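>>> Need coordinates for the below:
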Amino acid sequence: MIVEDDAIIAENIDARLRAVDFKVAGIAYDSETAIDMLANRQPDAVLLDINIAGSKDGIEVAEIINQHYQIPFIYLTSYSDKATLQRAKVTMPYGYIVKPFNEQDLLSALEMALYRHTQQQQSKTPTIEAVNAHLLHPLTKKEFEIALDICEGLTNKQLCEKHFVSLNTIKYHVKNLYMKLNVHHRPALMKWMQAL
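Here you go, the predicted structure:
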């Protein structure tokens with residue numbers, strides 16, 4: 001999810017993320033929309049500007065994320081003064097990128113945030129037997145491997161490269177996973193796997 005009140009920057013980030021196989025849950029141009037989207041769209045991560053329109057700034061939105069959602073967020077802001085950094089660091093962001101930024105810095109920070117968050121959430125990796133014990137239709141070995149990789153934060157493109165298969169094959173496996181686990185998106189799949 002992108003929280004950015006400059007429409008040009010927000011659309012640019014959206015296009016860059018979609019180009020590398022990220023799905024953008026939505027763009028919030030103000031704090032109220034951001035808070036609503038957090039509740040209704042369940043994003044995996046948030047790119048969060050500090051100076052945004054609305055009744056709260058980005059740091060206050062980050063506090064809400066920490067209290068209610070426990071998902072990674074990265075500040076993407078023009079502000080790097082000492083007072084702002086002091087306020088921001090106590091919210092424990094997964095990254096702090098100062099504008100203007102380059103695409104590789106943004107993508108690297110996002111990948112690291114998702115990976116770190118996943119590692120922190122996983123206390124143990126379930127076995128295929130433990131997973132299949134809870135399912136009417138058991139996962140195949142390949143579906144199980146892909147489910148674990150999704151929990152690691154891999155994108156569809158990365159799954160293709162790791163498993164040496166086409167994007168259509170990955171999409172087929174992911175669709176089967178959603179059906180068998182009775183989930184509709186990656187965060188729900190990750191929560192299902194972590195609940196074992």
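>>> which ones are touching the residue of the chain most remote from its centre?
What lies farthest from the middle of the chain is residue 136; by C-alpha atoms, centre = their mean that is 28.7 Å. The neighbours of residue 136, taking C-beta atoms under 8 Å, 6 or more residues apart in numbering as the test, are residue 180. For every residue, glycine as well, the C-beta is placed using N, CA and C.
>>> switch the cut-off to 10 Å
180, 182 (C-beta atoms under 10 Å, 6 or more residues apart in numbering).
>>> Would it be right to say that it lies in a helix?
No: looking at residue 136 with DSSP: H, G, I helix; E, B strand; the rest coil, it is coil, so not inside a helix.
>>> thought residue 95 was touching residue 72?
Yes: in this structure, residue 95 is within contact of residue 72 by C-beta atoms under 10 Å, at 8.3 Å.
>>> picking up where we left off before, roughly how far does the residue farthest from the centre of the chain sit from residue 179?
Distance of residue 136 to residue 179, given as C-beta to C-beta, to the nearest Å: 11 Å.
>>> Next, the buried residues of the helix or strand hosting residue 149.
In the assignment (DSSP states H and E), residue 149 maps to helix 141-151. Neighbour counts over helix 141-151 (16 or more other C-beta atoms under 10 Å) mark 143, 144, 145, 146, 147, 148, 149, 150, 151 as buried.
>>> circling back: neighbour count winner among residue 95 and residue 72?
residue 72 (26 against 20; other C-beta atoms under 10 Å).
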